[in-house]
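Novice: make a model of this:
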Amino acid sequence: MMTTTLTNFGAELAPDTAIHLLEHVFQTNLKNEEDYATKNPNGNGKRPTPICIWGSHGIGKTALVKDLAKKHGWKFRYCAPAQFEEMGDLHGLPVRLDPNPDVQGDETTVYMPPDWVPKEDDEGPGILLLDDLNRADDRILRGLMQLIQEFEMFSWTLPRKWQIVCTANPEGGDYSVTPMDPAMLTRMLHMTMIFDVKSWARWAMNAGVDPRGIAFVLTYPEVITGERTTPRTLTQFFDQIANIDDLKSELELVNVLARSALDDITATTFLAFVNDGVTQLIEPSDILDAKDFKPIAKQISDLSKGEGDAKRVDRLSTICTRLYLHLSAEKYKAESHHAKNLVAFLLLDDLPNDLRFSLHRDLITISEEIANMLRDPKLAKLVIEGL
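Specialist: You can find the predicted model right below:
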């Protein structure tokens with residue numbers, strides 16, 4: 001079977017790292033623009049450097065940029081160049097002005113900017129998102145070159161402190177895209193966004209995605225990406241099952257919904273996940289808020305049992321990851337009893353040493369407060385023995 005090479009540009013980055021890069025580029029652009037304006041008060045100003053985020057469909061490129069603008073309180077404008085049919089959609093339509101009707105030949109033609117363009121007095125910080133840039137026709141792409149280079153068209157100019165971010169799908173494969181030539185590519189910085197299960201799970205927790213869906217993705221990350229299975233379609237599917245309290249009792253409906261959104265292998269795996277009872281994995285809050293930890297330890301022990309003497313390390317790994325994400329979330333508030341329960345969890349005999357060590361290592365990097373919660377002689381001894 002022949003495989004087609006997909007062409008992306010820039011380093012491959014998980015969403016969390018991509019956000020860090022975007023924030024660095026934006027802050028650098030703003031500083032350079034401000035410094036230039038201070039040294040050259042009569043100049044036109046130093047324009048920022050745009051950045052293009054490449055990546056497969058449905059991976060969350062657009063949502064990442066929108067969420068970043070919302071996080072920082074920046075202004076935001078959205079534009080999909082693939083919808084443009086004429087150059088007028090880009091530079092605006094001509095309007096004839098006649099400031100002095102009594103003087104023949106005094107008419108002037110000006111262009112009215114499209115409504116997606118920020119107004120002249122709408123100073124940033126702001127982001128103009130050119131979404132799915134390389135799905136536009138070649139003629140439109142060529143028309144966008146001046147905007148990406150100079151942050152202006154002949155008929156309008158982006159206000160100060162605005163950034164341009166583009167998104168694009170890979171060139172090659174079955175993607176219906178317009179290749180960008182070097183003159184276009186070299187006008188921008190580039191990075192390629194890839195799927196990262198922890199980054200997605202962190203976003204999903206904050207977005208209120210069904211916890212059973214998050215547990216599924218963490219348990220079976222290998223079946224998460226495909227032609228139809230993407231973070232976007234997974235979220236759509238999880239939204240559809242969120243109001244089904246007992247998935248097992250509605251297995252036929254769940255099956256139909258899964259196959260309406262996902263690849264067959266993902267749908268089949270999710271049904272097995274439901275039948276296997278993994279959807280009942282213990283919640284991080286149940287672990288941390290337990291008044292008596294013994295029932296929690298018993299529940300985890302039962303969940304960890306596989307066939308014969310085998311351990312369900314996949315289940316234990318999912319519980320550990322969800323606990324880490326819960327503790328590292330911005331909205332997490334430590335309670336006095338959390339430390340005792342967290343240590344009790346890490347001391348469980350059912351927890352393999354590699355998982356214990358990995359979780360402990362990740363937790364101590366969250367904050368000094370979390371690190372202090374883990375101060376326990378028995379735990380310290382176990383961790384040292386695992387080194």
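
Novice: just give the nearest non-adjacent residue to Pro114, would you?
Specialist: By the measure of Cβ to Cβ, 6 or more residues apart in numbering, the closest residue to Pro114 outside its immediate chain neighbours is Gly92, 5.5 Å from it. No exception for glycine: its C-beta is placed from N, CA and C like everyone else's.

Novice: now do the contacts for the one you found.
Specialist: Contact analysis of Gly92 by Cβ atoms under 8 Å, 6 or more residues apart in numbering lists Tyr111, Met112, Pro113, Pro114, Val117, Met153, Ser155, Trp156.

Novice: the fifth one - that's part of a strand, no?
Specialist: Yep, that's Val117 we're talking about. No - Val117 is assigned coil when assessed by DSSP: H, G, I helix; E, B strand; the rest coil, not a strand.

Novice: that one and Leu90 touch, don't they?
Specialist: No - counting by Cβ atoms under 8 Å, Val117 sits too far from Leu90 to count as a contact (9.4 Å).

Novice: which SSE is Leu90 in?
Specialist: helix 88-91 (DSSP states H and E).

Novice: tell me which helix or strand comes right after that helix.
Specialist: Next element after helix 88-91 (DSSP H and E): strand 93-97.

Novice: CA atoms only for that following strand, dumped as CSV, please.
Specialist: The C-alpha trace of strand 93-97 is given here as CSV (Å, rounded to 0.1, in the frame of the first residue of the first chain):
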residue,chain,number,x,y,z
LEU,A,93,-15.5,47.5,-2.7
PRO,A,94,-15.0,50.8,-4.5
VAL,A,95,-17.2,53.8,-3.5
ARG,A,96,-17.2,57.1,-5.4
LEU,A,97,-17.0,60.3,-3.2
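
Novice: now do that strand: distance to the chain's middle.
Specialist: 41 Å (Cα atoms, centre = their mean, to the nearest Å).

Novice: counting contacts, what elements does the strand of greatest length in the chain pack onto?
Specialist: Longest strand in the chain, counting residues (DSSP state E): strand 162-168. Secondary-structure packing of strand 162-168 (3 or more Cβ pairs under 8 Å, 6 or more residues apart in numbering; DSSP states H and E): helix 15-39, strand 51-54, helix 61-72, strand 126-130, helix 138-150.

Novice: first-to-last residue distance for stretch 183-200?
Specialist: 34 Å (Cα to Cα, to the nearest Å).

Novice: confidence score at the residue nearest to Pro114?
Specialist: In the prediction, the pLDDT value recorded for Gly92 is 83.

Novice: could you do Leu387 as well?
Specialist: Reading off the model, Leu387 has pLDDT 55.

Novice: and Asn44, by the same measure?
Specialist: So, for Asn44, pLDDT stands at 58.

Novice: find the nearest non-adjacent residue to Val274, please.
Specialist: Per Cβ to Cβ, 6+ apart, closest to Val274 is Leu247, 4.7 Å.

Novice: next, count neighbours for that neighbour.
Specialist: Per other Cβ atoms under 10 Å, the neighbour tally for Leu247 reads 18.

Novice: wouldn't it be in contact with Asn275 here?
Specialist: No - using Cβ under 8 Å, Leu247 is not in contact with Asn275, being 9.4 Å away.

Novice: for Leu363, what are its contacts?
Specialist: Tyr324, Leu327, Leu342, Ile370, Ala371, Leu374.
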